[in-house]
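K.L.:
Need a 3D model of the following:
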Amino acid sequence: MTRGYDDERGTARPRGRGIPDSLLVGLLAFLLGLTVLVWTATGLAGLFAHGSWPAGVTYSGTPMALRHLVSAPHDMAAAWPGTPKSQLSGYGLFWGILIGELMVLLVLVIFTLGTVARYRAVRKARRTKAREAREACLTDQEAREAERAPREAREARAARAAVRETVPAAQEPAAPSEDAPATPAVLAPPPLDPVAAGPVPEQRTAPPLTPAAGAPTEPTLPRVEFTTDRAAARAASVAAVAAAPGPLIVATTDPAVWAETKDARAKLGPLLTYDPTHHLDTPARLRWSPTSGCTDLATATARAAALLAPVRPAAAVDSAVADAAQTLLRCWLHAAAVDGRPFRQLHRWAHATGAAQEPVRILRTSPKASAGQAGELESVLTAHPERREAAQALIGRTLTALSSIHIRDACTPLRADSVLLESFLDEGGTLYVVGEPIEDPRTDPGAMPLLTALLSSVVEHGRRMAERSSDGRLDPPLTLVLDDIAALAPLPALPGLLETGRTRGLLTLATMRSQEQARARWPHHSLRI
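P.N.:
The predicted model follows:
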């Protein structure tokens, strides 16, 4: 066959595209619709003219009738040869009904198309408006943060410069005290001379004032205060905040501590407030996700331990359940971080039936996941069903606060929140962590796991900064004022902060109600008083 080739060159001709399938389908639909209209128009015309549906007018005979009507529009009897002529209507009534049906159908089609187009346009406009509003809000917030950060940094540098200029001026009388004993007493004027005798007692009393000037800062920290008097604990916390020479972290259950100190601290650097339960009357709240940084397996391990710290059982017989829960939570945090899932996804993995296999798939297929995590997670899920159920119940109690819309919003950070949290230590800023006191977190922890995880993350960030510094400590030091910390967030690193924090530039003041409360939160450590 030479049909598909060029006669002269013998090369293949370009192949024709033919009739599109959509055109064929549309043509068939048109013919079927026209057949239905002719059939119904003939029957209705006979019904209106003679009071009954004509005999022999069926849908199967309509195509032949349509063919005859195209060639002879006036001959109804020839179109329907099997129907008595007395039962058929005139051609005028038939064509009138057919044209009316076409007009009604056309109006319905136009109305439907207009309704669908209007619905799509409204939905698109609504989505566009919402997206533009979100983008405008995010842009405005980032612009405000970008404008505020340099200004606050300049104010902080100016304030620290003023402090450095003021402190040496206050300590100048102490310098001559070293030479005072070498001054011959016989050269002094007579003690009865009131003018000459004045400076001598000033020089002799100046040395004791020098250590007193440094007493409110580093020498008093770290320490733990046990008191049931909230006024005394508040006063100690406010005094420690006022004496903080550098960046500051304040964790408290008392809104008065925040109210009394925030204005003064705002002049020294950025002011961040993490208040997921809306305990304070402020619109400026920090958002933070516990999955941040958990692409690193070590960070995910520490984060899981901090989240479980408030609900972790103290009995030795429950240690296997606690270890299984920590493994599950660590793998879930790692899976959510490498796959870009929000923190609330962990709540679904802990409660939804069959959802626990999803993080296994993520850890097995994601190139960012650490090796071996999928197998370790699957081994916990498949071995010891009772232990797995108890571990999932423990995680469920840890994440119970995610049922609140305020908590879910606090765990959905913006880009500006992450930048501020990472930079406030360098800029001498202040972080307030505020929540409600909880006496029995193992039953209902509330937001305590989130507060504990955030404090642990920031403290670990400060410790790494100290390790990277030339002398192995932060300068100026980071001050941690942990007011009623046992009822707010049982920080796992607190015993280490009290023992070695001073050498790293991490100065800690912790207030608690009693030593029994401290033993309940840190049963394996004896806190330094």
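
K.L.:
alpha carbons only for contacts and neighbour counts from here, please
P.N.:
OK.

K.L.:
hey, where'd the strands end up in the protein?
P.N.:
Using DSSP state E, the strands assigned to the chain run over residues 223-226, 248-252, 271-274, 430-434, 478-483, 506-512.

K.L.:
Okay, angle between the second one and strand 506-512 too, please.
P.N.:
Regarding strand 248-252 and strand 506-512, their directions subtend 10 degrees when assessed with axes from the mean of the first three to the mean of the last three CA atoms, to 10 degrees.

K.L.:
Please list the residues outside strand 248-252 that contact it.
P.N.:
241, 425, 428-435, 478-485, 488 (CA atoms under 8 Å, 6 or more residues apart in numbering).

K.L.:
For the buried ones among these, write the corresponding ChimeraX selection.
P.N.:
A single ChimeraX command selects the buried members of those (16 or more other CA atoms under 10 Å):
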select :241,425,428,429,430,431,432,433,434,435,478,479,480,481,482,483,484,485,488
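
K.L.:
now the strands of the chain as CSV including mean pLDDT?
P.N.:
Output for the strands of the chain, formatted as CSV (pLDDT from 0 to 100):
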stretch, mean pLDDT
strand 223-226, 89
strand 248-252, 95
strand 271-274, 94
strand 430-434, 95
strand 478-483, 94
strand 506-512, 93
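
K.L.:
And those strands: which comes nearest residue 110?
P.N.:
strand 271-274 (56.1 Å; CA to CA).

K.L.:
what about residue 365, how many residues close to it?
P.N.:
Residue 365: 11 surrounding residues under other CA atoms under 10 Å.

K.L.:
Please apply the same query to the one 5 residues further on.
P.N.:
With neighbours defined by other CA under 10 Å, the count for residue 370 comes to 17.

K.L.:
how about it, what does it touch?
P.N.:
297, 363.

K.L.:
Need the pLDDT of it.
P.N.:
pLDDT, residue 370: 90.

K.L.:
Next, find the distance separating it from residue 363.
P.N.:
8 Å (CA to CA, to the nearest Å).

K.L.:
again with residue 401
P.N.:
From residue 401 over to residue 363 (counting by CA to CA), the distance is 26 Å.

K.L.:
More neighbours: which of the two?
P.N.:
The neighbour count for residue 401 versus residue 363, taken as other CA under 10 Å, is higher for residue 363 (25 against 22).

K.L.:
Does the more buried one touch residue 357 like I think?
P.N.:
No. If you go by CA atoms under 8 Å, residue 363 and residue 357 don't touch, sitting 10.1 Å apart.

K.L.:
quick one: the spatially most central residue of the chain and residue 402, what's the gap?
P.N.:
Ranked by distance to the mean C-alpha position of the chain (CA atoms, centre = their mean), the top residue is residue 412 at 1.7 Å. Separation of residue 412 from residue 402 (CA to CA) stands at 11 Å.

K.L.:
what does residue 234 give?
P.N.:
From residue 234 to residue 402 the distance is 30 Å (CA to CA).

K.L.:
ok so, going back, let me have the strands of the chain in a markdown table, adding distance to residue 304 as columns.
P.N.:
Output for these, formatted as a markdown table (distance: least, CA to CA, whole Å):
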| stretch | distance to residue 304 |
| --- | --- |
| strand 223-226 | 26 |
| strand 248-252 | 20 |
| strand 271-274 | 20 |
| strand 430-434 | 19 |
| strand 478-483 | 21 |
| strand 506-512 | 23 |
